Every structure is written in structure tokens, then in C-alpha cells.
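Trainee: coordinates only, no sequence provided:
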């Protein structure tokens with residue numbers, strides 16, 4: 001009788017692309033807040049990538065490319081004090097609420 005195949009328990013990586021659009025006159029403040037968030041978040045458990053980019057065609061627009069080893073790592077990151085502080089600090093600097101797009105690498 002054949003042996004059953006072992007169950008592979010893979011946890012898929014999580015990739016996100018948040019976009020932040022600064023209110024006019026608050027571009028530098030938002031950039032500074034995002035840079036601080038980037039620096040601290042890169043140290044969080046399970047962080048694979050955490051890089052903020054400025055949009056060269058739309059000044060004041062910033063795109064974050066972030067990757068996490070597991071859903072649990074992302075959930076823990078979102079509960080970190082530096083993330084909660086950023087969300088509170090960024091709110092008055094934003095022209096619109098930031099959007100978060102889940103993305104999947106092509107294989």
C-alpha cells in the first residue's frame with residue numbers, strides 16, 4: 001500500500017503596495033514620516049522588503065513596496081507602535097486616505 005504524501009504546510013508570502021498622496025505643502029513632512037516608518041519597519045519580524053518610492057511624475061505621491069514572510073508577520077507589524085504612530089501622524093498630511101493594494105509576484 002503506498003504511503004500518503006506528507007502534507008506541506010507552506011505559508012505564502014504577503015506583498016502589498018500602499019500609495020500615499022500628500023496634501024499640498026505637506027510633501028516633505030509625509031516623506032520624512034514615511035522614511036522613519038521604512039527604517040523601523042525593516043527591523044520587524046518577517047519583513048522581506050519595505051521600500052518607499054517617490055513618484056517622479058506625480059510630486060507628493062509615494063508608493064510603498066512591502067513584503068512579509070507570512071500573514072502573521074504582517075499582522076504583528078500592523079500592531080507595532082511605530083506603525084500606529086505613523087498612521088496617526090500621516091492622516092492630516094494626506095490629501096486622501098492611503099490605499100493598499102495586495103499584489104502577487106508572477107511565477
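Mentor: Yep, that arrived. Not measured: the values here are computed from a predicted model. Numbering: from 1, shown residues only.

Trainee: so where's this structure shaky on pLDDT?
Mentor: 1-11 (pLDDT under 70).

Trainee: any idea which helix or strand carries the residue minimising distance to the centre of it?
Mentor: Centroid check for the chain by CA atoms, centre = their mean gives residue 66 as the closest residue, at 4.3 Å. Element membership for residue 66 (DSSP states H and E) is strand 61-68.

Trainee: distance from that strand to the middle of the chain?
Mentor: Distance of strand 61-68 from the chain centroid (CA atoms, centre = their mean, to the nearest Å) equals 5 Å.

Trainee: which strands and helices sit next to it?
Mentor: For strand 61-68, the elements it packs on are strand 14-21, helix 27-41, strand 47-54, judged by 3 or more CB pairs under 8 Å, 6 or more residues apart in numbering; DSSP states H and E. Quick note: C-beta positions are derived from backbone N, CA and C, even for glycine.

Trainee: what's the second one packed up against?
Mentor: Using 3+ CB pairs under 8 Å, 6+ apart as the contact criterion, the secondary-structure elements in contact with helix 27-41 are strand 47-54, strand 61-68, helix 81-90.

Trainee: in the helix or strand just after the last one, what's buried?
Mentor: It refers to helix 81-90. Following helix 81-90 in sequence order, the next helix or strand is strand 99-103 (DSSP H and E). Under the neighbour-count criterion of 16 or more other CB atoms under 10 Å, strand 99-103 has nothing buried.

Trainee: within its sheet, name the partner strands of strand 99-103 and how each one runs.
Mentor: strand 14-21 (antiparallel) (DSSP bridges).
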